[in-house]
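1. coords below, sequence missing:
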């Protein structure tokens, strides 16, 4: 599964502290939950699933995350990927008119 691939730099010494990642991770968790639950009528943001997936991957690359933080990132990436697939299937079904 693509969502579980998180690359980190080889030099762990350049990474930021995991304790500093919590605030950003909490923000990303709230935003991903909003993005996957929104409807077309309340979609005021043009930031799509790819944007939030990039933000999550960037977080994993710039912070020295502990195991639980990595698990949270992977879970959010998985949620985004599942929602993208669901939306693609829904769009395909909506456009298919026999």
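-> Right, received. Where do you want to start? Worth saying up front: this structure is predicted, and the values here are computed from it rather than measured.
2. Run through the chain and note the low-pLDDT ranges.
-> Using pLDDT under 70 as the threshold, the predicted model of the chain has low-confidence ranges 1-12, 39-46, 91-92, 94, 96-98.
3. Helices of that one, start to end?
-> Using DSSP state H, the helices of the chain run over 18-37, 49-62, 67-95.
4. any idea how far residue 76 is from the nearest residue to residue 16 once chain neighbours are set aside?
-> Of all residues beyond its chain neighbours, the one nearest residue 16 is residue 63 (4.8 Å), with distances taken as Cβ to Cβ, 6 or more residues apart in numbering. Where C-beta positions appear, they are placed from N, C-alpha and C, glycine not excepted. From residue 63 over to residue 76 the distance is 14 Å, taken as Cβ to Cβ, to the nearest Å.
5. go on, residue 95?
-> According to Cβ to Cβ, residue 95 stands 29 Å off from residue 76.
6. Between those two, which is the more surrounded one?
-> When residue 95 and residue 76 are compared on other Cβ atoms under 10 Å, the one with more neighbours turns out to be residue 76, at 23 against 7.
7. wouldn't that one be in contact with residue 29 here?
-> Yes: using Cβ atoms under 8 Å, residue 76 is in contact with residue 29, at 6.3 Å.
8. Next up, the contacts around residue 64.
-> If you count contacts by Cβ atoms under 8 Å, 6 or more residues apart in numbering, residue 64 has them with 12, 15-18.
9. how does it look with 6 Å?
-> The contact partners of residue 64, by Cβ atoms under 6 Å, 6 or more residues apart in numbering, come to 15, 18.
10. quick one, phi/psi of it?
-> Note on residue 64: its backbone torsions stand at phi -90, psi 80 [degrees, to the nearest 10].
11. For residue 23, see how far away it is.
-> The separation that residue 64 has from residue 23, given Cβ to Cβ, amounts to 15 Å.
12. One more: residue 66?
-> In this structure, residue 66 and residue 23 are 15 Å apart, going by Cβ to Cβ.
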